[in-house]
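**Student:** this is the structure alone, sequence omitted:
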């Protein structure tokens, strides 16, 4: 029986310069300046992410039933080059929502990567393919294809809300979600924090790192 896939309008793509600026910022910096809550906990890099690499791309959001990837296949057709498919699988790990075939197709279509709040499979193959893949877990058990689902809608990834067109920043530490309406603000704050942290690294090397704040924040009581 044919199922319904609700498809919302696509959002405008962000300026390439904005994405390029995010690729110079760790996910931890982005999360820190965004009130330390934008990180999608439990969703980690499983393939295609080098230690010194940061991926930044607009999200194509997908909501599907746990363990079912029918609408994920449609997302592969709807996604534009440079976008990142972001799948809300509700964190269920009993069925893989995709594997080597779908990731190969995503790379062929020049997508930026895939984020799955759920499980994937074919890890060895995914590492050979090289497309960035973030997921909550791994299982060899395959998906159902019963539908229904929804595309370019609001989803939740690791407990963080994500709208279509929001910017995904991913690296070896995980994934941060930047609302597209605040992207210019967040990138400036993260750049400033990166510069401040670099100054602290230099202070450590010169034995001049200011630690006086610790005594004000913490009272130590010695135990005898």
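**Tutor:** That came through, no problem. Keep in mind it's a predicted model, so treat the numbers as computed, not measured.

**Student:** same for the one helix or strand residue 137 maps to, what does it pack against?
**Tutor:** Using DSSP states H and E, residue 137 sits within strand 133-138. Other helices and strands packing on strand 133-138, by 3 or more C-beta pairs under 8 Å, 6 or more residues apart in numbering; DSSP states H and E, are strand 44-47, strand 113-120. All C-beta atoms are positioned from the backbone trio N, CA, C, and that covers glycine.

**Student:** what's the closest of the ones you listed to residue 73?
**Tutor:** strand 113-120 (12.6 Å; C-beta to C-beta).

**Student:** which residues touch the strand holding residue 137?
**Tutor:** Outside of strand 133-138, the residues within contact range by C-beta atoms under 8 Å, 6 or more residues apart in numbering are 42-49, 89, 91, 93, 96, 103, 113-121, 123, 126, 158, 170, 174-175.

**Student:** how far is it from where the chain is centred?
**Tutor:** 10 Å (C-alpha atoms, centre = their mean, to the nearest Å).

**Student:** okay, angle between whichever strand in the chain runs longest and strand 113-120 too, please.
**Tutor:** Scanning the chain for the longest strand, with DSSP state E as the assignment, gives strand 55-64. Here strand 55-64 runs at an angle of 40 degrees relative to strand 113-120 (axes from the mean of the first three to the mean of the last three C-alpha atoms, to 10 degrees).
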